[in-house]
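Q: I'll drop the sequence and a predicted model, then ask my questions.
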Amino acid sequence: EPAANMVLLRGFSRRPDIPPIPEIYKLKPAAIATYPMYRGLARLVGMQVLPGGESITEQLNSLRRYYADYDFFFVHFKSTDARGEDGDFRAKVQAIEELDNALPSLLSLDPEVLIITGDHSTPATLAMHSWHPVPFMLKSKWCRPDNVAEFSEQACLAGAMGRFPATEIMPLAMANALKLDKFGA
């Protein structure tokens, strides 16, 4: 067995100066995530990290438990990404179906704004992260409907939102919650 010949300090650096979400958006944010990187990133931007569990059911139980205590939630479902990295198409489909089956429970909370998207694409055929656009869905009573009838990369590109930079997600969320500060006249 070869001996180790180097040490890789992934992400080793100094803490970046990122303004916290509560300061920028005047929100009380919380995160529910199983993967340590997402919990760390959530802390970095001023979110309270809540217990979540491994399954989407456990994560939604945590969301339900803390729903009245916060006004913004980031819930990260890792399974779709992990199954894509494994190159296991059938398991990725099962992970997506698990999330689909949890949607009625999520919608029963009647969120003002619901956004479902991915932080990156992980096609099972590549078994790695890729450059492909991710689907994006925004639900609120102020959001105009479009003609998209399914949630997929191709279908969402044809929707009213089309393709846009991720930096626009929070302003869209805030606008649809009627919490975006007016600018100008």
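A: Yep, it's here.

Q: And the helices in this protein?
A: Ranges of helices in the chain, per DSSP state H, are 21-25, 36-44, 56-66, 79-85, 89-107, 153-157, 169-176.

Q: what's the most buried one of these?
A: Neighbour counts (mean count of other C-beta atoms under 10 Å) averaged over each of those peak at helix 79-85, with a mean of 19. For every residue, glycine as well, the C-beta is placed using N, CA and C.

Q: what's in contact with stretch 66-76?
A: 21, 25, 27-35, 38, 42, 47-48, 50, 52, 59-60, 63, 109, 119 (C-beta atoms under 8 Å, 6 or more residues apart in numbering).

Q: low-scoring pLDDT stretches of this structure, where are they?
A: Low-confidence segments of the chain (pLDDT under 70): 8-9, 11-12, 185.

Q: Show me the residue at the heart of it, geometrically.
A: Residue closest to the mean C-alpha point of the chain, counted by C-alpha atoms, centre = their mean, is His76 at 5.1 Å.

Q: Could you check how far that one is from Gln59?
A: His76 is 8 Å from Gln59, where distance means C-beta to C-beta, to the nearest Å.

Q: Glu23 too?
A: 26 Å.

Q: do Asp100 as well
A: 14 Å.

Q: before we move on, what about Ala68?
A: Distance of Ala68 to Gln59, given as C-beta to C-beta: 17 Å.
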